[in-house]
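*Asks:* Model the following, please.
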Amino acid sequence: MAEHLPDDAEGRPAGGAALDSQQEAQIREEVRRQIEAADQRRVQEDEARQHAEVLFQQEQARRRIMAEEARAYYQNSPDYYEYINENGDSEWLTRKQILAREGYFDYEENVENLEEARRKIWLKLAAWLAGGLVLAGLAIWYLLDERGSVVVLCNVPGAHIIVDGQDTGKVTDARLDLNPGEHLLEVRHAGYLPADEPFVVLKLAPRGELDVQIRLRPLP
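*Replies:* Residues are numbered from 1 along each chain as shown. Next comes the predicted model:
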């Protein structure tokens, strides 16, 4: 049969160690410091996210202004034409530059409509190559997925991966399939801040592959 120690006058088990007022005050002080530190970390994380959002918006505005200014500068010029490159970006090029991009140097017609010029070039190519098999191959090539892949690595596992301001739902380390072009990449993890720049600008070619290493540092 188990024996029980008798209770003391205040109801505490005999032999138990009671906290005196100084010890209790020390414990309370330590708990308050922990709460304050956690609150400061939350504030720093919020400030870091807000700063990254401001930089993202500034970059988006800069791109928009550059596109608007380029259009305003070139659209009234008879020597320049708007050209959509392989990454889907708009460029303003001369007729010779456009023909060089397409691989033709003896095409003498004026390029008044870029889409019409492309159609004519592909019609000529189809006439030269001929054959239903080649045409079918070109059609399949158009239908192929041109997305590239990006492998995002981080020194802190489980960091959320953000692309163009949107949470991808994936965490580091992970592989992403993205459309070709420029993207803004960042990773976020509670209790950490970017060790370098708040985000990385990706330039992904069609069917391209990139490995990106991002470092985070603990909050001070």
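*Asks:* Please work out the average pLDDT along the top helix by length along the chain.
*Replies:* As assigned by DSSP state H, the longest helix anywhere in the chain is helix 21-74. Averaging pLDDT along helix 21-74 gives 89.
*Asks:* I98 versus P194, what's the distance?
*Replies:* As judged by Cβ to Cβ, to the nearest Å, P194 and I98 stand 40 Å apart. Heads up, the C-betas are built off the backbone N, CA and C, glycines and all.
*Asks:* thinking again about what came up before, strands paired with the helix or strand just after the longest helix of the chain, and their directions?
*Replies:* Proceeding N to C from helix 21-74, the next assigned helix or strand is strand 81-84, under DSSP states H and E. Strand 81-84 sits in its sheet next to strand 90-93 (antiparallel), going by DSSP bridges.
*Asks:* burial measure for the closest residue to E186 other than its chain neighbours, as a count.
*Replies:* Residue nearest to E186 in three dimensions, not counting chain neighbours: F199, with 4.0 Å by Cβ to Cβ, 6 or more residues apart in numbering. Per other Cβ atoms under 10 Å, the neighbour tally for F199 reads 21.
*Asks:* do the same with R147
*Replies:* Neighbours of R147 (other Cβ under 10 Å): 15.
*Asks:* ok, the residue nearest to the spatial centre of the chain - contacts?
*Replies:* With distances taken as Cα atoms, centre = their mean, L185 lies nearest the centre of the chain, 2.2 Å away. By Cβ atoms under 8 Å, 6 or more residues apart in numbering, the contact set of L185 is 150, 152, 161-163, 199-202, 212, 214.
*Asks:* sec struct for it, please.
*Replies:* Here L185 is recorded as strand under DSSP: H, G, I helix; E, B strand; the rest coil.
*Asks:* Tell me the bridge partners for it.
*Replies:* Residues in beta-bridge contact with L185 (DSSP bridges): V163, V200.
*Asks:* coming back round to it: of the contacts of L185, which pair is most distant in space?
*Replies:* Put simply, by Cβ to Cβ the two of the contacts of L185 set farthest apart are I161 and V201, 15.1 Å from each other.
*Asks:* okay, these two: which has more neighbours?
*Replies:* Between I161 and V201, I161 has the larger neighbour count (other Cβ under 10 Å), namely 23 against 10.
*Asks:* Check which helix or strand that one maps to.
*Replies:* Counting by DSSP H and E, I161 is found in strand 160-163.
*Asks:* repeat for V212
*Replies:* strand 209-214.
*Asks:* Any stretches of the protein with poor pLDDT?
*Replies:* Low-confidence segments of the chain (pLDDT under 70): 1-17, 104-115, 117-118, 129-145.
*Asks:* Break this structure into its domains for me.
*Replies:* By the assignment in automatic domain parsing, the chain contains the domains 77-143, 146-218.
*Asks:* A195 and P218 touch, don't they?
*Replies:* No - using Cβ atoms under 8 Å, A195 is not in contact with P218; the gap is 9.8 Å.
*Asks:* which phi and psi does E197 have?
*Replies:* phi -80, psi 150 (degrees, to the nearest 10).
*Asks:* Grab the nearest non-local neighbour of V187.
*Replies:* A159 (4.1 Å).
*Asks:* isn't that neighbour right up against T172?
*Replies:* Yes - the criterion here is Cβ under 8 Å, and A159 meets it with T172 at 4.5 Å.
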